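In: Compute the structure for the input listed below.
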Amino acid sequence: MTNSTNKAAISLTTGLEDAEKVTVAFLVAVGAAESGRPTMMFLTKEAVRLVVPGVAVATACEGCPPLASLIERYRKADGRFLVCPICIESKKLDADGFIDGAEPGGTVQLWEWIGDGATTFSY
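Out: Below is the predicted model:
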């Protein structure tokens with residue numbers, strides 16, 4: 001089923017300190033993006049580190065898909081990342097080195113992207 005009009009926004013605050021929660025968030029995002037929904041993950045707090053190359057390489061549990069494969073599927077399905085600029089600065093990360101599809105942006109940019117509405121999830 002392809003649905004290009006209903007956007008999906010997934011807010012993720014957790015990083016590898018809870019890899020299972022990150023995996024669930026990515027499974028939801030991959031499902032939305034692969035079904036044709038414009039999909040944005042809004043990364044804050046420790047989640048901002050997930051778009052640094054080489055960081056999201058964990059496998060959360062036995063039988064769970066590796067995070068790296070979920071990120072690759074998400075990117076191939078045109079999923080995008082909006083990464084909190086305050087968090088980038090506080091963690092002294094280099095946004096120029098983020099993976100493809102990730103760009104700095106805060107709540108104003110998130111609301112601009114959402115526009116007339118989106119299905120939202122928060123992890």
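In: how far does stretch 76-93 stretch from start to finish?
Out: End-to-end distance for stretch 76-93: 24 Å, by C-alpha to C-alpha, to the nearest Å.
In: What strand or helix carries the residue positioned nearest the centre of the chain?
Out: The centroid of the chain falls nearest to residue 41 when counting by C-alpha atoms, centre = their mean (3.4 Å). According to DSSP states H and E, residue 41 maps onto strand 39-43.
In: What is the helix or strand that that strand is followed by packed up against?
Out: Sequence-wise, the next helix or strand downstream of strand 39-43 (DSSP H and E) is helix 67-76. In terms of contacts (3 or more C-beta pairs under 8 Å, 6 or more residues apart in numbering; DSSP states H and E), helix 67-76 is packed against helix 19-34. The C-beta positions use only the backbone N, C-alpha and C, and glycine is treated the same way.
In: my read: the residue nearest to the centre of the chain touches residue 29, true?
Out: Yes. Counting by C-beta atoms under 8 Å, residue 29 is a contact partner of residue 41 at 5.4 Å.
In: quick one: the residue nearest to the centre of the chain from residue 15, how far?
Out: 13 Å (C-beta to C-beta, to the nearest Å).
In: same thing with residue 84?
Out: Separation of residue 84 from residue 15 (C-beta to C-beta): 12 Å.
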